[in-house]
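# Quick one: sequence and predicted model below, then my questions.
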Amino acid sequence: MSGNIHAICNWHRHPHPLWAWILLAYLVWQGIKAMGPRTTTIWRALIVPAVFIVWGLSRIGLGPQGNVWPLVAWIVAAWRCCRSAS
């Protein structure tokens, strides 16, 4: 445990590639920009949830379990949820 804390506290002493600093600066800039009020289209707001749903389904359907039953169960549960909501 203390080794992990030591590593976290000394992150600045290790050399990092330039692209990592550029990525950090970009993410901080995007975070600051996202704190302010703004409007966006519904389709743009649904991009990230759609990506995570597809990613999750691909892991369920193509995961190490070797069959499609977890994927079938997920689809049935989602269908039942959508049906009961309407």
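Thanks, I have it.
# what about V72, helix or strand, and which?
In the assignment (DSSP states H and E), V72 maps to helix 69-85.
# Quick check: buried residues in that helix?
The neighbour-count check on helix 69-85 (16 or more other Cβ atoms under 10 Å) flags L71 as buried. Using the backbone N, CA and C atoms, a C-beta is placed for each residue, glycine as well.
# what's the average pLDDT for it?
Mean pLDDT, computed over helix 69-85, is 85.
# Distance check, the most centrally placed residue in the chain against P17.
For the chain, the residue sitting closest to the mean C-alpha position, by Cα atoms, centre = their mean, is F52 at 6.1 Å. Going from F52 to P17 by Cβ to Cβ, to the nearest Å gives 27 Å.
# Now do the helices in the protein.
Taking DSSP state H, the helices of the chain run over residues 2-9, 18-34, 42-45, 47-62, 69-85.
# I'd like to know which of the ones you listed has the weakest mean confidence.
helix 2-9 - the lowest mean pLDDT of the helices of the chain, at a mean of 65.
# re the thing from before, tilt between the helix holding V72 and helix 47-62?
Going by axes from the mean of the first three to the mean of the last three Cα atoms, to 10 degrees, helix 69-85 is angled at 140 degrees with respect to helix 47-62.
# can you list the residues that contact helix 69-85?
Counting by Cβ atoms under 8 Å, 6 or more residues apart in numbering, helix 69-85 makes contact with L57, I60, G61, G63, all of which sit outside it.
# nearest spatial neighbour of the last one, skipping sequence neighbours?
Using Cβ to Cβ, 6 or more residues apart in numbering and skipping the chain neighbours, the partner closest in space to G63 is P70 (7.3 Å).
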